[in-house]
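**Q** Dropping the sequence and predicted coords here.
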Amino acid sequence: MSLRLYNTLTRQKDDLEALPGFDPNNVRMYVCGPTVYDYAHIGNARPVIVFDVLFRLLRHLHGEDHVTYVRNITDIDDKINARAAETAAAKGMSVEQARVEITAQTAQQYLDDVTALGCLKPSHTPRATEYVARMVAMIGELVTKGFAYPAEGHVLFDVSKKADYGKLSRRPLDEMIAGARVEVAPYKRNPMDFVLWKPSDAATPGWDSPWGRGRPGWHIECSAMGEALLGETFDIHGGGIDLMFPHHENEIAQSEAAHHGHALARVWMHNGFLQVEGEKMAKSLGNFITIRELLSGWRGYNWPGEVIRFAMLSTHYRQPIDFTQSILEQATVTLRYFSTFGFYEPTVGPSDEFLDALKDDLNTPRAIAELHRLLNEARGHASNRPNEMSKPNAMLNMETFTAANQLAAGLMFLGIDIRSYDKCWVENQGRESIAQNLEREVEAAIAARAAARKAKDFKESDRIRDELLAKGIVLKDGPAGTTWEVKR
RNA sequence: GGCCACGUGGCGGAGUGGUGACGCAACGGUCUGCAAAACCGUGUACCCCGGUUCAAUUCCGGGCGUGGCCUCCA
């Protein structure tokens, strides 16, 4: 089965490998990365996780050396400048120094956060400021070719020169103009013309250009970085659905205009929007959740990255997702079950059904359903062998082995290393010391309880069990003896 | 105001022109000193109103609801 991806351009699932120009030895993907001025929030996490799974799938299908993934870092932007101006005033440094400091710091936080969510490092993480020269050159080409014009220190893209402008979002130009609520800047020829370059005053970070000192517009950054690292045409361009217009539309206009009309990307992918507890996430509503916050304490728990990631992948990427404490709790329970059989270093790949689900437009919920099937298979067989069930590190026979192995492989494929999961949770509960001595202590207590039970001293045995329960240890009496686990 | 998505059982969430996956929760049972776990089993859903069709949750139209974009917010 080949990889099919829903393409916003065609509004259907396209077979990636069948698209003209696709080269299996050079698969290229670009995803719009963060603007680094503050902690990334949970909404930012969605595309990162989704396209990380796609990155892993592409590497699996075509080989690690044949896939290039670019996720940019926008480190020049008016919000950053505003933040930098504040910091500069407070610390008595130049705005440019402050900008460099803020963006470096925030970019590192971002990387730490998404790493905690199990995301691989992209092949390249270019910073916009490193490509200003290329942006200036590209803007120059657009002016020369008649697609752009300078006006009052700005350079604007003339959308009327691009006949198919609007083809991604499928909104005709006249309709956009009619519906526009924005006040049109007087120097624009056409209300929908957008900025490629804008002037900077002395207090604002800027670069020299043929049109004076200034800074690039947002859209041109991605066009320049994509071209520099992936070439004129690449395979997949991803991002949140809110970026479809105008950002991605404008990227297409600029890049195609600069590249003799050659397509920018073969497939455009957009992940759905995220809400929190049924509402739009907004600072004003008080439901703004950063990744850092989830990891370090939200609603009383330090949610492991694996849990956040799994919760995110339990909904198909194009569907809207309602991010709630409840989905985190459900993900926690599920991963705990999986962990029973997921402790193996997989020696086989994921099952075919698992891979087929992912190859069908990244259908992670279906892939997860397959993991449940594998769990049941592993369990079903184990249940016939009471001595070997329940305990995480139990020995399995060959039948259960394959299922358990495929389960572990599937989880690893999704970027979830179940082996670190229980450890994570124990640490969350602040029981690090217990984690180290846990096994010995608990085993000793279980032995004492077993002796009490044998002597029919149930008062004592219950006391021991309650004592362990108070420490968060749940005992389970099975036909083959007592096992235990850490209660969440 | 214009354009566009989504609306599946108590919750999460696939999918389909014709017996509606899967998981959690619930319920019954086996087991058990009790409980939990495990195992077996059970029930419950396709927003509303029209239309097309032999047949619609699935296609079309309208409505309602939620959300997105049109304001360099993933």
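**A** Thanks, I have the structure now.
**Q** What's the end-to-end length of stretch A:287-295?
**A** Stretch A:287-295 stretches 16 Å from its first residue to its last (Cα to Cα, to the nearest Å).
**Q** no wait, stretch A:450-467
**A** Start-to-end, stretch A:450-467 (Cα to Cα) is 14 Å.
**Q** Just the buried positions in that stretch, please.
**A** Within stretch A:450-467, the residues scored as buried using 16 or more other Cβ atoms under 10 Å are A:A452, A:R453, A:S461, A:I464, A:R465. Just so you know, the C-beta spots here come from the backbone N, C-alpha and C atoms, and that holds for glycine as well.
**Q** A:G239 - that's part of a strand, no?
**A** Yes - under DSSP: H, G, I helix; E, B strand; the rest coil, A:G239 falls within a strand.
**Q** any idea how far it lies from A:E353?
**A** According to Cβ to Cβ, to the nearest Å, A:G239 stands 29 Å off from A:E353.
**Q** got the buried residues for stretch A:99-113?
**A** A:R99, A:V100, A:I102, A:T103, A:T106, A:A107, A:Q109, A:Y110, A:L111, A:D113.
**Q** Please list all residues in contact with the nearest residue to A:S200 once chain neighbours are set aside.
**A** Nearest residue to A:S200, sequence neighbours excluded (Cβ to Cβ, 6 or more residues apart in numbering): A:G206, at 3.0 Å. A:G206 makes contacts with A:P199, A:S200, A:R213, A:G214, A:R215, as judged by Cβ atoms under 8 Å, 6 or more residues apart in numbering.
**Q** Quick check: phi and psi on the second one?
**A** When quoted as degrees, to the nearest 10, the phi and psi of A:S200 stand at phi -110, psi 140.
**Q** Which helix or which strand is home to the closest residue to A:P216 other than its chain neighbours?
**A** Distances taken as Cβ to Cβ, 6+ apart place A:M135 nearest to A:P216, at 4.6 Å, with adjacent residues excluded. Following DSSP states H and E, the helix or strand that holds A:M135 is helix A:132-144.
**Q** Would you mark the buried spots in that helix?
**A** A:V132, A:R134, A:M135, A:V136, A:M138, A:I139, A:G140, A:L142, A:V143.
**Q** sorry, back to before: confirm for me that the residue nearest to A:P216 is in contact with A:A224.
**A** Yes - with contact defined as Cβ atoms under 8 Å, A:M135 reaches A:A224; the gap is 4.4 Å.
**Q** where do the contact lists of those two overlap?
**A** Joint contacts of A:M135 and A:A224 (Cβ under 8 Å, 6+ apart) are A:P216.
**Q** What's the local residue count around the closest residue to A:R292 other than its chain neighbours?
**A** Excluding its sequence neighbours, the residue lying closest to A:R292 (Cβ to Cβ, 6+ apart) is A:Y39, at 5.2 Å. Look at A:Y39: counted by other Cβ atoms under 10 Å, it has 17 neighbours.
**Q** Any regions of the stretch 251-400 of chain A where pLDDT drops low?
**A** A:341-344, A:380-400 (pLDDT under 70).
**Q** now do 90
**A** A:277-288, A:296-304, A:325-326, A:329-330, A:332-348, A:374-400 (pLDDT under 90).
**Q** Helices of that one, residue ranges please.
**A** Using DSSP state H, counting those that start in this stretch, the helices found in the stretch 251-400 of chain A span residues A:291-296, A:305-313, A:325-341, A:352-359, A:364-383, A:398-413.
**Q** so the residue nearest to A:R292 sits right up against A:T290, yeah?
**A** Yes - counting by Cβ under 8 Å, A:Y39 does reach A:T290; the two are 4.2 Å apart.
**Q** beta partners of the residue of chain A found nearest RNA strand B?
**A** Residue of chain A nearest RNA strand B, by Cβ to the nearest atom of the strand: A:G240 (1.9 Å). Beta-bridge pairing of A:G240 under DSSP bridges involves A:N271.
**Q** Which strands or helices does the helix holding A:M135 pack on?
**A** strand A:148-151, strand A:154-157, strand A:194-199, strand A:214-216, helix A:218-230, helix A:249-258 (3 or more Cβ pairs under 8 Å, 6 or more residues apart in numbering; DSSP states H and E).
**Q** I'd like these as a markdown table, with mean neighbour count and distance to RNA strand B appended.
**A** Formatted as a markdown table, the helices and strands packed on helix A:132-144 follow (neighbours: other Cβ atoms under 10 Å; distance: least, Cβ to the nearest atom of the strand, whole Å):
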| stretch | mean neighbour count | distance to RNA strand B |
| --- | --- | --- |
| strand A:148-151 | 20 | 15 |
| strand A:154-157 | 25 | 10 |
| strand A:194-199 | 22 | 6 |
| strand A:214-216 | 25 | 8 |
| helix A:218-230 | 25 | 2 |
| helix A:249-258 | 25 | 9 |
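**Q** and A:R336, which of those is closest to it?
**A** helix A:218-230 (40.3 Å; Cβ to Cβ).
**Q** Now tell me what touches the closest one from outside.
**A** A:28, A:30, A:32, A:68, A:70, A:72, A:74, A:76-77, A:124, A:126, A:128, A:131, A:134-135, A:138-139, A:194, A:196-197, A:216, A:234, A:237, A:246-247, A:250-251, A:254-255, A:258-259, A:264.
**Q** Over to stretch A:164-177?
**A** A:8-9, A:11, A:159-160, A:190-192, A:244-245, A:248-249, A:252-253, A:268.
**Q** before we move on, back to that, can you pull the pLDDT of the residue nearest to A:R292?
**A** At A:Y39, the model reports a pLDDT of 91.
**Q** Next: A:G472.
**A** 69.
**Q** Close to RNA strand B: what parts of the stretch 201-350 of chain A are there?
**A** A:217-219, A:239-247, A:271-275, A:278-281, A:314-316, A:319-322, A:324, A:326-327, A:330, A:333-334, A:337 (Cβ under 7 Å from any atom of the strand).
**Q** Just the buried ones from those residues, in PyMOL syntax?
**A** Buried residues within those, by 16+ other Cβ under 10 Å, are selected in PyMOL with:
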select buried, chain A and resi 217+218+219+239+240+241+243+244+246+247+271+272+274+275+281+315+316+321+327+334
